[in-house]
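next come a sequence and a model predicted from it.
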Amino acid sequence: MSEISSTLDVAPMGAADMRRRLKAIFIGSVGNLVEWYDFYAYAAFSLYFAHLFFPGGDSVAQQLNAALLFAFGFLVRPLGGILFGYLADRKGRRIALTLSVTLMCFGSLIIAVTPTYASIGVAAPIVLLFARLLQGLSLGGEYGTSATYLSEVAHERHRGFFSSFQYVTLIGGQLLAIVVLLLLQKVFLTPEQLKSWGWRIPFVIGAMLAVVAAVMRRELQETTAFTDASKARRPESSLRSLMRYPRELLLVVGMTMGGTAAFYTYTTYMQKYLKLSVGLSDDQTTMVTAGSLIFAMLLQPVYGAISDRIGRKPLLIGFGVAGTLFTIPLLTSLQDAKGPIAAFLLIAMAWVIVSGYTSINAVVKAELFPTHVRATGVGLPYALTVSIFGGTAEPIALWFKSVGRESGFYYYLTACIAVSLVVYTLMRDTKKRSTIGQ
């Protein structure tokens with residue numbers, strides 16, 4: 001396909017300018033959706049293949065082992081943030097986005113064809129771990145680069161709204177994984193087939209979608225912010241340049257801590273929580289999870305648009321205050337929920353709170369850093385924080401459950417959000433003091 005060489009700027013929008021921006025945001029967002037689908041397919045289907053890679057023990061122990069591999073995928077995300085951040089800040093946002101989705105394709109394909117423990121013994125979980133590390137490396141670069149791209153490509157008056165589509169597609173990726181699971185459960189396969197070999201299908205689908213996304217991303221338009229900065233920039237190490245912004249780096253860590261712990265609680269862990277703790281059936285678990293994700297997707301652009309009117313800081317503080325006050329009551333009530341409708345309503349209430357963070361966290365981080373270190377500045381500290389507090393949310397929750405202290409996780413999550421609340425209170429409103437376009 002031919003390359004589009006024109007760039008995007010922040011001039012007042014005409015019809016042609018709007019079309020260019022929307023096309024760029026659409027292509028960038030679709031690729032993001034595919035990447036997160038591939039990553040979340042593991043969490044969605046681990047209920048069906050964990051016993052094939054981790055034999056013996058009870059179901060909680062098997063899910064804990066699978067969750068640990070999920071967490072290992074987060075360990076390399078900081079490395080992905082460095083590598084792809086360097087590419088994005090030195091060679092362009094487009095090439096970094098294209099390579100990240102290509103790497104995700106390989107990770108999904110490996111999972112799709114990996115033999116089980118019965119076939120190759122301990123090598124099976126080792127190969128599975130390798131595939132998860134590839135996927136984690138890919139996502140480590142995807143977040144910072146896509147957050148940077150969407151923030152730069154959006155018009156300054158609607159930056160919160162358009163950048164919110166990063167989390168629309170991020171959540172949409174998990175929703176797509178749940179939809180695939182639902183179709184396999186209800187239409188195409190029996191439970192025995194799904195547990196035997198059908199769990200491989202979503203990873204084949206993910207690898208194919210990643211190829212399509214990579215081709216589409218080859219036509220992404222580069223942003224004027226990067227083009228202008230690359231002409232004026234002196235060659236210098238990304239990390240060396242980044243060390244000139246210690247306050248901004250610490251802000252990314254602090255504001256991400258509570259938000260990412262909450263996000264992974266209500267996404268990847270929630271499916272297992274509904275089944276293992278609430279006691280819903282497989283079908284009820286899938287339907288409640290899918291419904292809550294649709295609701296969460298709808299909230300993101302609404303909150304993003306609100307931030308364009310009133311600023312970013314009020315939404316972040318709202319999440320911090322409500323999350324600190326209501327996390328324990330919400331999760332306690334959810335554990336005692338009587339049926340799928342009650343469970344859905346409680347999770348929806350949680351998303352009303354968490355969306356104050358998820359909808360705008362990408363644009364807030366992008367607005368903290370100058371163009372020449374923006375992708376690395378967003379991606380690296382975010383990846384480090386997600387590795388510590390996001391990827392570990394599920395195994396920590398399962399560990400508390402395995403030792404009979406499940407409510408201990410509720411207090412842990414509340415503490416994470418409370419720490420971030422302090423950061424939100426002290427930080428400036430990046431909408432009023434954005435570095436994008438300066």
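Received the coordinates, thanks.

residue 284 contacts residue 340, doesn't it?
Yes - with contact defined as Cβ atoms under 8 Å, residue 284 counts as touching residue 340 (4.4 Å). For the C-beta atoms, the positions are set from N, CA and C on the backbone; glycine is no exception.

roughly how far does residue 262 sit from residue 413?
Here the criterion is Cβ to Cβ, to the nearest Å. By it, residue 262 lies 6 Å from residue 413.

again with residue 72
Distance from residue 72 to residue 413, counting by Cβ to Cβ: 21 Å.

out of the two, which sits in the busier spot?
residue 413 (25 against 18; other Cβ atoms under 10 Å).

what's the mean pLDDT across the strand or helix carrying residue 345?
Per DSSP states H and E, residue 345 falls inside helix 340-358. Averaging pLDDT along helix 340-358 yields 94.

now swap in stretch 281-301 and tell me
Per-residue scores along stretch 281-301 average to 88.

same check, this time on stretch 183-190
The model assigns stretch 183-190 a mean pLDDT of 84.

for that stretch, C-alpha coordinates in CSV please.
Extracted as CSV, the C-alpha positions of stretch 183-190 are listed here (Å, rounded to 0.1, in the frame of the first residue of the first chain):
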residue,chain,number,x,y,z
LEU,A,183,-19.2,-17.6,20.4
LEU,A,184,-17.1,-20.7,21.0
GLN,A,185,-19.0,-21.6,24.1
LYS,A,186,-22.5,-21.1,22.7
VAL,A,187,-22.3,-21.7,19.0
PHE,A,188,-19.3,-23.6,17.7
LEU,A,189,-17.8,-25.9,20.4
THR,A,190,-18.8,-28.1,23.3
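
next, the buried residues of it.
Residues of stretch 183-190 classed as buried by neighbour count (16 or more other Cβ atoms under 10 Å): 184, 185, 189.

cool, stretch 296-306 as well?
Using 16+ other Cβ under 10 Å as the test for burial, stretch 296-306 gives 296, 297, 299, 300, 301, 303, 304, 306.

as JSON lines, the residues you listed with distance to residue 367 and secondary structure would be great.
JSON lines is the format used below for the buried residues of stretch 296-306 (distance: Cβ to Cβ, whole Å; DSSP: H, G, I helix; E, B strand; the rest coil):
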{"residue": "296", "distance to residue 367": "23", "secondary structure": "helix"}
{"residue": "297", "distance to residue 367": "23", "secondary structure": "helix"}
{"residue": "299", "distance to residue 367": "21", "secondary structure": "helix"}
{"residue": "300", "distance to residue 367": "17", "secondary structure": "helix"}
{"residue": "301", "distance to residue 367": "18", "secondary structure": "helix"}
{"residue": "303", "distance to residue 367": "16", "secondary structure": "helix"}
{"residue": "304", "distance to residue 367": "13", "secondary structure": "helix"}
{"residue": "306", "distance to residue 367": "16", "secondary structure": "helix"}
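
which residues touch the residue nearest the centre of the chain?
The centre of the chain sits closest to residue 170, judged by Cα atoms, centre = their mean, with a distance of 5.2 Å. When contacts are counted by Cβ atoms under 8 Å, 6 or more residues apart in numbering, residue 170 touches 32, 33, 36.

taking those residues one by one, which sit in helices?
Per DSSP state H, helices hold the following members of those: 32, 33, 36.

quick one: the closest residue in space to residue 120 that isn't next to it in sequence and residue 188, what's the gap?
Spatially, and ignoring its direct neighbours in sequence, residue 120 is nearest to residue 127 (7.8 Å; Cβ to Cβ, 6 or more residues apart in numbering). Residue 127 sits at a distance of 26 Å from residue 188 (criterion: Cβ to Cβ).
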